[in-house]
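K.L.:
Next come a sequence and a model predicted from it.
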Amino acid sequence: MTYKMNSKQFESVLSLPDRDRFFHFVSKICDWEEIWSIKTDDGWATVESEGRRCIPFWPHPDYAKYFASGDWQGYHPESISLENFINNWLPGMQKDSNYVAVFPNKDFQGTVVEAHKVLSEIEEELEKYG
């Protein structure tokens, strides 16, 4: 189950600078133990950024749902458990040289990060949980 969010929070967080959205993403996924992306029966959404294949992720289904339109019409939000993200997704993405597009905004600007760096930030955040 995910956290409650109203439209004002949605707009406010989506308009944060990339770095702030990145840390918001890390904090929320650690708090709620789920990550969101979008997919179809054919697979997960990907985007190219400066020649790098990226998979976009968001901390809440409302953000993922917002992006399931336009070029990604027909995609739907799908949750990934934090455990699965840490143990399978990020190592697999690193192995396949895929990057993490962390929390893109309405202009599809976001932080593009190597999977191992995202994993490091998550582990650092989880240390705070004792």
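P.N.:
That came in fine, so what should we check first?
K.L.:
Can you list the residue ranges for strands in this structure?
P.N.:
34-40, 43-44, 47-49, 52-57, 76-81, 99-102, 111-114 (DSSP state E).
K.L.:
Which helix runs longest in this protein?
P.N.:
Longest helix in the chain, counting residues (DSSP state H): helix 18-32.
K.L.:
elements contacting that helix?
P.N.:
helix 7-14, strand 99-102, strand 111-114, helix 115-127 (3 or more CB pairs under 8 Å, 6 or more residues apart in numbering; DSSP states H and E). (C-beta placed from N, C-alpha, C; glycine too.)
K.L.:
Closest to the centroid, which residue in this protein?
P.N.:
Closest to where the C-alpha atoms of the chain average out (CA atoms, centre = their mean) is Phe57, at 1.9 Å.
K.L.:
That one contacts Ala101, doesn't it?
P.N.:
Yes. Using CB atoms under 8 Å, Phe57 is in contact with Ala101, at 7.0 Å.
K.L.:
if you compare the helices and strands packed on helix 18-32, which one is most tucked away?
P.N.:
Greatest average neighbour count among these goes to strand 99-102 (a mean of 25), per mean count of other CB atoms under 10 Å.
K.L.:
which outside residues touch stretch 63-72?
P.N.:
10, 14, 36-38, 45, 56, 58, 74-78, 103-104 (CB atoms under 8 Å, 6 or more residues apart in numbering).
K.L.:
what does stretch 31-49 give?
P.N.:
Residues contacting stretch 31-49 (CB under 8 Å, 6+ apart): 1-3, 29, 53-61, 63-64, 67-68, 72, 74-83, 85, 98-99, 101, 104, 108, 112.
K.L.:
separation between the residue nearest to the centre of the chain and Leu126?
P.N.:
According to CB to CB, to the nearest Å, Phe57 and Leu126 sit 17 Å apart.
K.L.:
and if you look at Ser79?
P.N.:
Ser79 is 18 Å from Leu126, by CB to CB.
K.L.:
Ok, Asp18 next?
P.N.:
22 Å.
K.L.:
can I assume Pro59 is in contact with Phe23?
P.N.:
No. Using CB under 8 Å, Pro59 is not in contact with Phe23, being 10.7 Å away.
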